[in-house]
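Visitor: Quick one, fold the following:
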Amino acid sequence: MTLPGFVKSVTWREWLGLAAGLLALGSTFLPWTTLTATKPDIEDILAQLPRGDVVRDAWHSSFFAWCPPLPLLLAGLAVVVFGRVRTLRVSGLPQLWLVVAAASLLLMVLGWFTLDWEFDADQRGIFEAAGVAIGPGLGRFLGLFAALVSGVAAFLDMLAMRAESRQPGKARGKIG
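Guide: Numbers count the residues shown, from 1 in each chain. Below is the predicted model of the structure:
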């Protein structure tokens, strides 16, 4: 169902939005929450525990871990597929993309502040007494980076759409 020239007509901003969405999705399979200890004996105990007890991916973490990457992916897909439809662009597709990226970024930041809420109060008390720290993993950093990239690309696309809408009638047909 690929239209001739479809791939060439998609702008670099839209490809960047899709890449950010795919990166966000990929990051959900990496560690989002990790337990670390400063004491060597506690570190040895953590090393003996099953990996799922010490390291959690987004799917086994909180809502603020698995939810934000999904809208980023959907927004990236939407702008690649529908970004060349002038009616949708003028109706606010770039603005919608920007709002989705901002909301995903906000949810990820909230997830960062509520990182220790993934464990109940008793577990947090035991962790604190044992010197175990609850920290972010690589996936959380990549997900946050993907949300920032998507937001910047959406902002640039919104500016490009405004410039396109100010062009004279004949020049409007060429978008990119």
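Visitor: CA only for contacts and neighbour counts going forward, please
Guide: Fine.
Visitor: Do a quick rundown of the helices in the chain.
Guide: 6-9, 12-27, 40-48, 51-54, 63-66, 69-82, 86-91, 93-113, 121-130, 138-165 (DSSP state H).
Visitor: So in this protein, which strand runs the longest?
Guide: For the chain, the longest strand by residue count, based on DSSP state E, is strand 31-37.
Visitor: partner strands of it, parallel or antiparallel?
Guide: strand 55-57 (antiparallel), strand 132-136 (antiparallel) (DSSP bridges).
Visitor: For the last one, output the C-alpha coordinates as PDB.
Guide: In this case it means strand 132-136. Taking C-alpha atoms only, strand 132-136 is exported to PDB below (Å, rounded to 0.1, in the frame of the first residue of the first chain):
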ATOM      1  CA  VAL A 132      19.400  -0.100  49.200                       C
ATOM      2  CA  ALA A 133      18.700   2.700  46.800                       C
ATOM      3  CA  ILE A 134      15.900   2.800  44.200                       C
ATOM      4  CA  GLY A 135      17.100   4.400  41.100                       C
ATOM      5  CA  PRO A 136      16.300   5.000  37.400                       C
END
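Visitor: before we move on, the earlier item: can you lay out the strands paired with strand 31-37 as a markdown table showing mean pLDDT, mean neighbour count and distance to Trp97?
Guide: Putting the strands paired with strand 31-37 into a markdown table (pLDDT from 0 to 100; neighbours: other Cα atoms under 10 Å; distance: least, Cα to Cα, whole Å) gives the following:
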| stretch | mean pLDDT | mean neighbour count | distance to Trp97 |
| --- | --- | --- | --- |
| strand 55-57 | 92 | 22 | 26 |
| strand 132-136 | 92 | 18 | 27 |
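Visitor: Looking at those, spot the one closest to Leu115.
Guide: Smallest distance to Leu115 across these (Cα to Cα): 7.4 Å, for strand 132-136.
Visitor: Fine, thanks again, bye for now.
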